[in-house]
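> No letters, just coordinates:
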């Protein structure tokens, strides 16, 4: 989309959608607790402490919609949020390092994998990558799983305000190049910062395109 008018309209649609009503539905600790839904759904996945809850809060313009913490592994269930009856958001437990017993971390991992592979309303997974660290092997494992399950996903770089402009440009090129080999990867990498707000309007616009028309 190169037309300035179309870009402006898409940004406005995203702003209106995420400025509307957004309510917590429930937290699912197991697949049997995942709510039935006819809404298109977007999931936020990533390593522990990558900033999933912070990104959900930034997108919705609410500081406390999703619980945030500096402690890796604090999100221990899939938290669902209804965005104005037009789009469902799912904040997933982080994978990788977490301050929790291995058995519990294993349970979260199984829950996330099963959800991503089998959730019928899921339209896109946002795979969050910390811009300071780039893609790790644990991220690649998830990417391979999503490719195999044919689940569309978009890489979203977080905490981009903590990376110099030259380093960020290099990272964007490297990530974009790596994604060329992944069949389910959505074209384009979103560079965001929940702290500064950079990239948030553009990501809202991309996700709004998946919502039920308002």
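Received it, and whenever you're ready, just let me know what you need. The structure displayed is predicted, hence computed values, not measured ones.
> all contacts plus neighbour counts: C-alpha atoms, from now on.
Fine.
> the helices in the chain, which residues?
For the chain, the helices defined by DSSP state H cover 4-19, 52-60, 102-118, 137-149, 165-179, 200-208.
> Which of these has the highest mean neighbour count?
Neighbour counts (mean count of other Cα atoms under 10 Å) averaged over each of the helices of the chain peak at helix 52-60, with a mean of 24.
> Pull up the per-residue confidence for the residue nearest the centre of the chain.
For the chain, the residue nearest the mean C-alpha position is residue 44 (2.7 Å; Cα atoms, centre = their mean). According to the prediction, residue 44 has pLDDT 95.
> Dig out what it forms beta bridges with.
Per DSSP bridges, the residues bridged to residue 44 are residue 91, residue 126.
> Residue ranges in this structure under the pLDDT threshold?
Filtered on pLDDT under 70, the chain yields the residue ranges 1, 64, 66-75, 96-108.
> is it possible to export the helices of the chain to JSON lines including distance to residue 30?
JSON lines is the format used below for the helices of the chain (distance: least, Cα to Cα, whole Å):
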{"stretch": "helix 4-19", "distance to residue 30": "27"}
{"stretch": "helix 52-60", "distance to residue 30": "19"}
{"stretch": "helix 102-118", "distance to residue 30": "6"}
{"stretch": "helix 137-149", "distance to residue 30": "19"}
{"stretch": "helix 165-179", "distance to residue 30": "31"}
{"stretch": "helix 200-208", "distance to residue 30": "26"}
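> Please identify which of those helices is closest to residue 92.
Smallest distance to residue 92 across the helices of the chain (Cα to Cα): 6.7 Å, for helix 102-118.
> Next one: residue 156 from residue 185, what distance?
Distance from residue 156 to residue 185, counting by Cα to Cα, to the nearest Å: 11 Å.
> which neighbours do these two share?
With contacts taken as Cα atoms under 8 Å, 6 or more residues apart in numbering, residue 156 and residue 185 have no neighbour in common.
> Residue 23 is in contact with residue 83, isn't it?
Yes - between residue 23 and residue 83 there is a contact under Cα atoms under 8 Å: 6.7 Å.
> Who has more neighbours out of those two?
residue 83 (22 against 15; other Cα atoms under 10 Å).
> What is the neighbour count of the residue nearest to residue 84 when sequence neighbours are not counted?
Of all residues not flanking residue 84 in the chain, residue 21 sits nearest, at 4.9 Å (Cα to Cα, 6 or more residues apart in numbering). Using other Cα under 10 Å, residue 21 has 12 neighbouring residues.
> Touching, residue 21 and residue 81? I think so.
No - the criterion here is Cα under 8 Å, and residue 21 misses it with residue 81 at 10.1 Å.
> what residues are up against residue 168?
131, 160.
> roughly how far apart are it and residue 199?
13 Å.
> rewinding a little: my read: the residue nearest to the centre of the chain touches residue 125, true?
Yes - judged on Cα under 8 Å, residue 44 makes contact with residue 125 at a distance of 5.9 Å.
> Pull the distance from stretch 185-203 to the chain's centre.
Put simply, stretch 185-203 sits 10 Å off its chain's centre (Cα atoms, centre = their mean, to the nearest Å).
> quick one: buried residues of it?
Of all the residues in stretch 185-203, those buried under the rule 16 or more other Cα atoms under 10 Å are 185-186, 189-194, 198-203.
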